[in-house]
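J.: Quick one: sequence and predicted model below, then my questions.
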Number of protein chains: 2
Amino acid sequence: MSTTANDDRLARVALSAIGEPGDPRLLDLVTQLGALTVHDRLLGDHDVADLQTDPEARRSATDPERTLTDAARLGMRFVVPGDEEWPAQLDHLAVAAPLQRRGGVPLGLWVRGPVRLDQLAGSVAVVGSRSATTYGADVAAEIAATVAEAGRSVVSGAAFGIDQAGHRGALAGGGATVAVLACGADRVYPAAHRQLLEHIGGYGAVVSEALPGWAPTRLRFLARNRLIAALTAGTVVVEAAVRSGALNTANWATRLNRPLLGVPGPVTSAPSQGVHQLIRSGAATLVTSGADVLEAVGAAGEHLVTEPRGRARSRDRLSTRQQQVLDAVPVATAATVSSIARTAGLGVALVRDELERLAGLGLVEGDQTRWRLAARAQE
Amino acid sequence: MSTTANDDRLARVALSAIGEPGDPRLLDLVTQLGALTVHDRLLGDHDVADLQTDPEARRSATDPERTLTDAARLGMRFVVPGDEEWPAQLDHLAVAAPLQRRGGVPLGLWVRGPVRLDQLAGSVAVVGSRSATTYGADVAAEIAATVAEAGRSVVSGAAFGIDQAGHRGALAGGGATVAVLACGADRVYPAAHRQLLEHIGGYGAVVSEALPGWAPTRLRFLARNRLIAALTAGTVVVEAAVRSGALNTANWATRLNRPLLGVPGPVTSAPSQGVHQLIRSGAATLVTSGADVLEAVGAAGEHLVTEPRGRARSRDRLSTRQQQVLDAVPVATAATVSSIARTAGLGVALVRDELERLAGLGLVEGDQTRWRLAARAQE
């Protein structure tokens, strides 16, 4: 590693200890001037360590090398712009306007796990309500499994409900899954997901913009949501009540011009209300399956969904003339051949022949004088 | 009634007996040349009665006055273009291209019931699957009741499932409802809906393009569907499997540039698949309630839906400074005042004061040295 690259990395660690994740002013400055310049200006003027009342943050700001060493000991690497592993799609955050006081390209990402961030270009975010229904969790798991089977990673936030179902579905699909946390990547939140996060850290990746050890706060959740949208090729919202945090992620996907997809549900289900609003307003495209999702996030021509066409009917294999006759046969009470001929606008003899053939196909039934549609021909 | 108007009406009855409902060639000729001219050309050249093997049709073609008298005795009137009661919105069918061999402005409509067809300009079609789920039927009834309560008629096809729920919902809403049939307006189809159709005939209107006494056929259903779309200001599809007849009505609504609305359901429910396709492709707008429907079909500015905003949170009433502090308080494990102050980027004394106030509002909890978010503040 060149000295400059290493200095830049250390400056980013130090700045991470001073600024909050997703602080748009700080991150904007770094994008414009570079981390080293911003670091020198901020720390050169006065002793930042004095401003940092939190001992942990103070040490990180003044001793970034030790922070990196400590993190490495816990299995974490710090991926920064310029690294081979840096996910280039995050750079789009530089041009997206802040939302709810969060924005900007992160200084770097702390990563724990074997999945490399530069492999997430085609990944899919599966997000939604923490208070998901069984229906929502099942659909999220199905979508995640299909995405994973297609060789794409599933990114989510490791929360209860849809997030959890998404991660688990991806693991079940034998694929990679990435959890982006609002707390340090070494921490477990929510506590009940210790095993899930260990599993993701072992087979996928646990990622955070927050310094190791940092606790989750509301602002850090908002900052985290923008990363989920920015890391992925598209965001699927499975269930989201009207004020769900998942809608914040959805909003970021729209800002970043990434496909935003929504899974509908019963209109009587509160957790589907937020998704229905997204679809109704045109912000999200309706999807009903993992195949729909792959089609939406895939390169053009990839993963084209075969629209369900319903059971093919015997009607489809008839000649035009046979269809004309069949269309003229009454649904309910039987009619005479001459009446059917008149309705069809065809000759009586011809219609009689066709009726015999249609009866052979089981599409009409009659006693040679009066005919009606057979049950199986009725739609 | 002028002699010309009466001759025109009689010509239309006679032509109804010769042509099938929705025969686009015949109806196009009548639109261009007038019913009298077409009648004279068709019946002048040769004796139509000889072509008409069905005695009922033969009599109607040669004795239209008697057909009208017989229909009147059964409580039916024949409404034709030029009548005050003629619903002008049907004339749009003259410019819409045929679909599945049906199209054109009907020669006239046979009507049984007190509701006048010229009052249907703002009406709403509620259509869908015959094999509806309880969910679909409930939503259809709710939408129809809301539409009826707003003083608009609900138009449907009197079939099992969604149609029936729509009619019943409108009646429950104290409103008018109109059944458009594929058979003669004097007939009952399906037979199980005798009571429903009697009720609609008594309080709303039973309507058909088919001559009284005619049986329902597949082609007449297709012709009927175009009338449901053309009579109404918008069509709502509640549940429709991938090959449901309701999608034919939906297609007509699109051809006529009338709003097409779709009610989503669980993606695991087959009767919702067709609706999801309509929404996904952009053909239909997602609606979740009668209020959504009224907004879509109403004049601009009428019936604007208040989007559900979710329960207002105590967070919303805080000052910006208080929100900054609250956003910096950890969700899970408690943090010191100085740590929170650093995260918030505010002075320690100020943060301590605000934390006390937030604790008074029940938003944070702590022991004066360490603080965390109270459960109720966690979204």
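T.: Cool, the structure landed.

J.: Next, the nearest residue to A:Val297 once chain neighbours are set aside: phi, psi?
T.: Closest residue to A:Val297 apart from its sequence neighbours, by CB to CB, 6 or more residues apart in numbering or on different chains: A:Gly234 at 3.7 Å. Where C-beta positions appear, they are placed from N, C-alpha and C, glycine not excepted. Phi and psi for A:Gly234, reported as degrees, to the nearest 10, are phi 180, psi 150.

J.: How about the contacts made by the closest residue to A:Ala176 other than its chain neighbours?
T.: Nearest residue to A:Ala176, sequence neighbours excluded (CB to CB, 6+ apart): A:Ser153, at 4.3 Å. By CB atoms under 8 Å, 6 or more residues apart in numbering or on different chains, the residues touching A:Ser153 are A:Val115, A:Gln119, A:Leu120, A:Gly122, A:Ser123, A:Val124, A:Ala170, A:Gly175, A:Ala176, A:Thr177, A:Val178, A:Gly204.

J.: What is the neighbour count of the fifth one?
T.: The number of residues packed around A:Ser123, counting by other CB atoms under 10 Å in any protein chain shown, is 28.

J.: try the first one
T.: By the other CB under 10 Å criterion, the neighbourhood of A:Val115 contains 21 residues.

J.: Then the second one?
T.: The burial metric for A:Gln119, expressed as a neighbour count using other CB under 10 Å, is 16.

J.: Check the gap between the nearest residue to it once chain neighbours are set aside and chain B for me.
T.: Using CB to CB, 6+ apart and skipping residues adjacent in sequence, the residue nearest A:Gln119 is A:Ser153, 6.9 Å away. Distance, A:Ser153 to chain B, by CB to the nearest CB, to the nearest Å: 23 Å.

J.: just so I have it, where are all the strands in the stretch 251-379 of chain A?
T.: With strands called from DSSP state E, counting those that start in this stretch, the stretch 251-379 of chain A shows them at A:260-262, A:285-286, A:335-336, A:364-366, A:370-373.

J.: Show me what the third one packs onto, helices and strands only.
T.: Which is strand A:335-336. The contact analysis (3 or more CB pairs under 8 Å, 6 or more residues apart in numbering or on different chains; DSSP states H and E) places strand A:335-336 against strand A:370-373.

J.: my guess is A:Ala121 contacts A:Leu90, does it?
T.: No. A:Ala121 lies out of contact with A:Leu90 (CB atoms under 8 Å); the separation is 10.7 Å.

J.: With neighbour numbers in mind, choose between these two.
T.: It is A:Leu90, of A:Ala121 and A:Leu90, that has more neighbours when counted by other CB under 10 Å, with 22 against 14.

J.: Next, the more buried one: secondary structure please.
T.: Under DSSP: H, G, I helix; E, B strand; the rest coil, the three-state class of A:Leu90 is helix.

J.: mind checking how far it is from B:Phe78?
T.: Distance from A:Leu90 to B:Phe78, counting by CB to CB, to the nearest Å: 70 Å.

J.: still on that earlier bit, so what's the residue count around the residue nearest to A:Val297?
T.: By other CB under 10 Å, the residues close to A:Gly234 number 24.

J.: Run through the bridge partners of it.
T.: Beta bridges link A:Gly234 to A:Val124 when assigned by DSSP bridges.

J.: Verify the contact between it and A:Trp252 for me.
T.: No. If you go by CB under 8 Å, A:Gly234 and A:Trp252 don't touch, sitting 12.0 Å apart.

J.: mind listing what A:Asp8 touches?
T.: A:Asp8 neighbours (CB under 8 Å, 6+ apart): A:Gly34, A:Ala35, A:Leu36, A:Val80, A:Gly82.

J.: Can you give me the neighbour number for A:Ala341?
T.: A total of 23 residues lie near A:Ala341 under the criterion other CB under 10 Å.

J.: any idea how far chain B is from the residue nearest to A:Thr133 when sequence neighbours are not counted?
T.: Leaving aside its sequence neighbours, A:Thr133 sits nearest to A:Pro271 (CB to CB, 6+ apart; 5.8 Å). Per CB to the nearest CB, A:Pro271 is found 12 Å from chain B.

J.: so how far is stretch A:134-141 off the chain centroid?
T.: 13 Å (CA atoms, centre = their mean, to the nearest Å).

J.: buried ones in that stretch?
T.: By neighbour count on 16 or more other CB atoms under 10 Å in any protein chain shown, the buried set for stretch A:134-141 is A:Tyr135, A:Gly136, A:Ala137, A:Asp138, A:Val139, A:Ala140, A:Ala141.

J.: Among these, which are located in strands?
T.: When DSSP state E is applied, the buried residues of stretch A:134-141 are split such that none fall in strands.

J.: So which of these reach chain B?
T.: Contacts with chain B within the buried residues of stretch A:134-141, counted by CB under 8 Å from any CB of the partner chain: A:Tyr135, A:Asp138, A:Val139.

J.: Do I have it right that the first one meets B:Thr268?
T.: Read it as A:Tyr135. Yes. Between A:Tyr135 and B:Thr268 a contact is recorded at 7.2 Å, counting by CB under 8 Å.

J.: and A:Leu117, how many neighbours does it have?
T.: Using other CB under 10 Å, A:Leu117 is surrounded by 24 other residues.

J.: Contact partners for it?
T.: Applying CB under 8 Å, 6+ apart, we find A:Leu117 in contact with A:Val79, A:Glu85, A:Trp86, A:Pro87, A:Leu109, A:Val111, A:Ala205, A:Val207, A:Leu231.

J.: Selecting buried members of those residues in ChimeraX, what would you type?
T.: For anyone working in ChimeraX, the buried entries among the contacts of A:Leu117, judged by 16+ other CB under 10 Å, can be selected with:
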select /A:79,86,87,109,111,205,207,231
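
J.: a markdown table for the contacts of A:Leu117, including secondary structure, pLDDT and distance to chain B?
T.: Formatted as a markdown table, the contacts of A:Leu117 follow (DSSP: H, G, I helix; E, B strand; the rest coil; pLDDT from 0 to 100; distance: CB to the nearest CB, whole Å):
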| residue | secondary structure | pLDDT | distance to chain B |
| --- | --- | --- | --- |
| A:Val79 | strand | 98 | 23 |
| A:Glu85 | coil | 98 | 28 |
| A:Trp86 | coil | 98 | 26 |
| A:Pro87 | coil | 97 | 26 |
| A:Leu109 | strand | 98 | 19 |
| A:Val111 | strand | 98 | 22 |
| A:Ala205 | strand | 98 | 22 |
| A:Val207 | strand | 98 | 18 |
| A:Leu231 | helix | 98 | 22 |
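
J.: for the record, mean pLDDT for stretch A:258-270?
T.: Stretch A:258-270 shows a mean pLDDT of 97.

J.: Can you give me the separation between the residue nearest to A:Ala176 and A:Leu109?
T.: For A:Ser153 relative to A:Leu109 (CB to CB), the value is 14 Å.

J.: now swap in A:Val38 and tell me
T.: 18 Å.

J.: same deal with A:Met76?
T.: Distance of A:Met76 to A:Leu109, given as CB to CB: 10 Å.

J.: Give me the buried positions along the one helix or strand A:Arg41 maps to.
T.: Assigned by DSSP states H and E, A:Arg41 belongs to helix A:35-45. For helix A:35-45, the neighbour count (16+ other CB under 10 Å) marks A:Ala35, A:Leu36, A:Val38, A:His39, A:Leu42, A:Leu43 as buried.

J.: from these, which is closest to chain B?
T.: When the buried residues of helix A:35-45 are ranked by distance to chain B (CB to the nearest CB), A:Leu42 comes first, at 12.8 Å.

J.: The closest one and A:Arg25 touch, don't they?
T.: No. Between A:Leu42 and A:Arg25 there is no contact under CB under 8 Å: 11.6 Å.

J.: show me the residues around A:Asn257 that make contact.
T.: Contacts of A:Asn257 (CB under 8 Å, 6+ apart): A:His92.
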